[in-house]
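Q: Just need the structure, nothing else, for what follows:
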Amino acid sequence: MENLTDIAVFVEVVKADSFTDAAKELDLSRSVVSKYITRLEKRLGVRLLNRSTRRLSLTEAGQRFFQQSQSALLQLENAEGEIQAMQGEPKGLLRVSAFNSFGTMHLAPLIPAFQQSFPDLKLDFSINDQVVDMVDEGIDVAIRIGDLPDSALIAKRLVQCRYVVCASPKYFELNGKPDIPEDLSNHNCLLFQFWNTLNQWQFLGKNNQFFNIKVHGQVVCNNSLALRELLLNGGGISMAPTFLVGEDIKNGRLLPVLNEYHIKPISIYAVYPHRQYLTAKVCAFLEFLSNRIDIDNPYWDEFLL
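A: Okay, here's the model as predicted:
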């Protein structure tokens, strides 16, 4: 067991690229982490890490050992997951990553109920609009929106994501409402940095063909919750996902326009690394979400009914 502990600590140090950060992640002191690495190197008879005051780097032997060790630890995790699944008792640490707005507005409120249902599970809940490397970061489930180019991951469609063009009553009072998509060229359009096409909005025309409208505006934002605040305070008009603005539209804080022009919906997925056995904790989390969010008619789309 001592050998396995040393190897697991080594892998965590490499992933964190820091003794200090690895110590925090493992809830150990930095000196203990250093002791484990020194003991491992002594046992192997090779130096695995080059240490300096500023950074760490892997030696050639360290690089090879890291790859083998990470693979071996993953196999052990899979074996543990298989046993847990057989026992039907989700336990341990579940690492979940979600993009900012959806995670904050729709996942965080569900976490207390999930904790009550599975008291033996601990949750590491990471909120970030950047797409993280699930394997490198040790993420069990990531909530992602739109295209999923990484074929090494398994995706379960969680919910349909609809879009709506909207702004505040204050903005429309000062600037008028667009009657057709082409009118957007006369408006201050709020743009989201992580859209695939930053300044082109896509609509479905009467002939069932999609067409793009070029838009422009004074603000490009990299945070969807900040984008919502800009909308609510009359900062412009935007094409926003209904999970972000549905409640505001329902309560009149934002007004939808161009309703006769359909916008192509996309999907929100729960993504997890490919494994032979899906752990009980991941199965429990996916089932929990499915039971609380209608895949085709989520609660935030009530204003559409």
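Q: Residue 138 versus residue 268, what's the distance?
A: Between residue 268 and residue 138 the distance is 22 Å, computed by Cβ to Cβ, to the nearest Å. From N, CA and C alone the C-beta is placed, and that goes for glycine too.
Q: again with residue 157
A: 24 Å.
Q: ok, these two, which is more surrounded?
A: residue 138 (20 against 10; other Cβ atoms under 10 Å).
Q: how about the nearest residue to the more buried one, chain neighbours excluded?
A: Of all residues not flanking residue 138 in the chain, residue 95 sits nearest, at 5.7 Å (Cβ to Cβ, 6 or more residues apart in numbering).
Q: wait, is that neighbour part of a strand?
A: Yes. Assigned with DSSP: H, G, I helix; E, B strand; the rest coil, residue 95 falls within a strand.
Q: bridging residues for it?
A: residue 124 (DSSP bridges).
Q: Give me the neighbour count for it.
A: 18.
Q: That one contacts residue 124, correct?
A: Yes. If you go by Cβ atoms under 8 Å, residue 95 and residue 124 touch, sitting 4.4 Å apart.
Q: distance of the residue lying closest to residue 103 once chain neighbours are set aside from residue 223?
A: With sequence-adjacent residues excluded and distances taken as Cβ to Cβ, 6+ apart, residue 103 is closest to residue 127, at 4.6 Å. Using Cβ to Cβ, we find residue 127 at a distance of 11 Å from residue 223.
Q: Tell me the residues that contact both of the two, please.
A: residue 100 (Cβ atoms under 8 Å, 6 or more residues apart in numbering).
Q: With adjacent residues omitted, what lies nearest to residue 290?
A: Going by Cβ to Cβ, 6+ apart, residue 290 has residue 158 as its nearest residue, at 7.5 Å.
Q: List the residues that contact that neighbour.
A: 143, 267-270, 289-290, 293, 295.
Q: Next step: those residues restricted to helices.
A: 289-290 (DSSP state H).
Q: What subset of the contacts of residue 158 is buried?
A: Applying 16 or more other Cβ atoms under 10 Å to the contacts of residue 158, the neighbour count classes 143, 267-270, 289, 293 as buried.
Q: can I get those residues in JSON lines with distance to residue 300 and pLDDT?
A: Output for the buried ones among the contacts of residue 158, formatted as JSON lines (distance: Cβ to Cβ, whole Å; pLDDT from 0 to 100):
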{"residue": "143", "distance to residue 300": "15", "pLDDT": "92"}
{"residue": "267", "distance to residue 300": "15", "pLDDT": "90"}
{"residue": "268", "distance to residue 300": "11", "pLDDT": "93"}
{"residue": "269", "distance to residue 300": "17", "pLDDT": "92"}
{"residue": "270", "distance to residue 300": "17", "pLDDT": "92"}
{"residue": "289", "distance to residue 300": "14", "pLDDT": "93"}
{"residue": "293", "distance to residue 300": "9", "pLDDT": "92"}
